[in-house]
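Visitor: Any chance you can model this:
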Amino acid sequence: MRVGIIGGGAAGLAAALELTNRGHCAEVFEAAPFLGGQASTFEVGGGQLERGYHHLFVSDTDMVELINELGLGDSLEWLESRVGLFYDGRIWDFATPLDLLRFSPLPLAQRIRLGVWTFLLQKTRNWRRFEGVTAAEWTRRHMGDAAYRVIWEPMLRGKFGDYYDQVSMTWLWGKIYLRVASRKRMQKERLGYPMCSFGTVFDVCGERIAEQGGRVHTGARVQRINIAGGAATGFTATVGGGPEQDYEYDAVIATTPSYIFTRLVPELPDAYRAVLESAQYLAAVLVILVLDRPLTSKYWLNVADRSLPFVGIIEHTNMIDRILYGGNHIVYLTNYPDRSSELYRKEPAELLEEYLPHLRRINPHFSRDWIIEYHHHRVDGAQPIIGVNYGDRIPDHRTPFQSLYLANTTQIYPEDRGTNYSVRMGRQVARMVMGDANG
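Guide: Residues are numbered from 1 along each chain as shown. All right, here's what the predicted structure looks like:
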């Protein structure tokens, strides 16, 4: 078979690898000048750093399997994570049940109640029981108003903005359930990271695809998917700024966000289009600081104070050795705004100026002369909004047109988006393509 794949992120590359592993020809078209999407890298201090922070949980077996398959398993290390919560003007340890018991902003009875319900969620496998209720409603009812106000509401507001009270409890269940797999009893969690970088993993994946007879194009923009006789016949694309060309395939896999897919296929039936158009996304806006000293002692700092203009601080070099980046300290400041928001539209320098005073609230000693350099990355369609009964609105990978398939983050459920589940989905859709071709 000849299969055209739109998108060179985790899902598209995994699909292409699966197809070429089985002797088929897969051709990947990625609009960006690099592979890997948010897991792609750029140079900092002589090393390769992800545009968006990435790590693996112990449960992320699909990504671990891919890393091993590509011969990069020796670079994968499992490291202890240090987690904190910024609340009421200070950083609290928030990595173990004992840390929760010491969290004095909540009354002791509330801490115990919160801990018991968190433990029960970690042991609950039936995520469907949470589909019909919002996270806001469920946490207030079961964990109490104080726990909701101090912990869950700030997290939901930071992650989903104005949609915070519409998010399904299934989403929050997934966040809690997944993390338990990376812990052992009372110990802190351990997270995985390929020291060669995630970007290198996907670059090597692209090389493997080419070695096996496939092709990978960057700077390649698909203009439209071509439909004839009720089936996809290929697509029209430009490569490297050249003229439009038609590419013919036996099947097409699109890994674009739903709102882009509808533009590529204007012939979509109204019912399927309506499902796609019902998907709402938030963007990811990241400011990456390269510092000459650490900002905090934590790897992952949740910000439970919505007066701060960012939702999380991920201090990469509090888990990964800073020697990889020339001895510099790397800090991600993250946000998930709506694309229509003022924060999304701000220029990098303007956004940094807004953030600087708030960094002094995190660390009173912080000074802008700690900053060696900074970087700004903005990703559209980064976070689907997972509402109640979301499972009823997931579009099928098989579209209404024969030989045309869709694989994007709105279809990763009940798990949240991430490289592991994108790799899993890409492989699954590739097998679906091959199975359908065999009748």
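Visitor: make it CA atoms for all contacts and neighbour counts henceforth
Guide: Fine.
Visitor: so which strand or helix has R157?
Guide: Assigning secondary structure by DSSP states H and E places R157 in helix 153-160.
Visitor: For that helix, what does the pLDDT average out to?
Guide: Taken as a whole, helix 153-160 has a mean pLDDT of 89.
Visitor: all strands of the stretch 251-400 of the chain, in order?
Guide: 251-254, 281-291, 300-303, 312-315, 329-335, 371-384 (DSSP state E, counting those that start in this stretch).
Visitor: so what's V3 up against?
Guide: 24-27, 249-253 (Cα atoms under 8 Å, 6 or more residues apart in numbering).
Visitor: between the residues you listed, which is nearest V150?
Guide: I253 (43.2 Å; Cα to Cα).
Visitor: What pLDDT does the model give that closest one?
Guide: So I253 comes in at 98 (pLDDT).
Visitor: so it bridges to which residues?
Guide: I5, Y405 (DSSP bridges).
Visitor: what about the stretch 151-300 of the chain, any weak spots by pLDDT?
Guide: 178-188 (pLDDT under 70).
Visitor: What is the helix holding R157 packed up against?
Guide: strand 300-303 (3 or more Cα pairs under 8 Å, 6 or more residues apart in numbering; DSSP states H and E).
Visitor: ok, residues contacting the strand it packs on?
Guide: 81-87, 154-155, 310-315.
Visitor: what two of the residues you listed are the furthest from one another?
Guide: Pairwise over the contacts of strand 300-303, using Cα to Cα, the maximum falls at S81 and P154, 21.9 Å.
Visitor: Looking at those two, which is more packed in?
Guide: P154 (22 against 19; other Cα atoms under 10 Å).
Visitor: shouldn't that one be in contact with R306?
Guide: Yes - P154 lies in contact with R306 (Cα atoms under 8 Å); the separation is 6.1 Å.
Visitor: What ranges does the stretch 1-150 of the chain have for its helices?
Guide: Secondary structure of the stretch 1-150 of the chain (DSSP state H, counting those that start in this stretch): helices at 10-21, 61-69, 97-101, 108-122, 135-143, 145-147.
Visitor: between the ones you listed, which gets nearest to V290?
Guide: Between V290 and the helices of the stretch 1-150 of the chain, the tightest spacing by Cα to Cα is seen for helix 10-21, at 26.4 Å.
Visitor: the inter-axis angle of that closest one versus helix 61-69?
Guide: Inter-element angle recorded for helix 10-21 and helix 61-69: 50 degrees (by axes from the mean of the first three to the mean of the last three Cα atoms, to 10 degrees).
Visitor: Can you tell me what sits against helix 10-21?
Guide: Defining contact as Cα under 8 Å, 6+ apart, one finds that helix 10-21 is touched by 5-7, 25-28, 36-37, 202, 205-206, 208-209, 212-214, 253-255, 407-408, 419, 422-431, 434.
Visitor: Domain-wise, how is the chain divided?
Guide: The chain breaks down into these domains under automatic domain parsing: 2-79+196-279+390-437, 96-180.
Visitor: Please compute how far the longest one lies from its chain's middle.
Guide: Centroid separation for domain 2-79+196-279+390-437 versus its chain: 14 Å, with Cα atoms, centre = their mean, to the nearest Å.
Visitor: Show the average pLDDT along the longest helix along the chain.
Guide: Assignment by DSSP state H gives helix 419-437 as the longest helix of the chain. Helix 419-437 comes out with an average pLDDT of 97.
Visitor: tell me the angle that helix makes with helix 10-21.
Guide: Going by the same axes, to 10 degrees, helix 419-437 makes 40 degrees with helix 10-21.
Visitor: give the contact list for P194.
Guide: 72-73, 75-77.
Visitor: Which of the residues you listed fall within strands?
Guide: Using DSSP state E, the subset of the contacts of P194 located in strands is 76-77.
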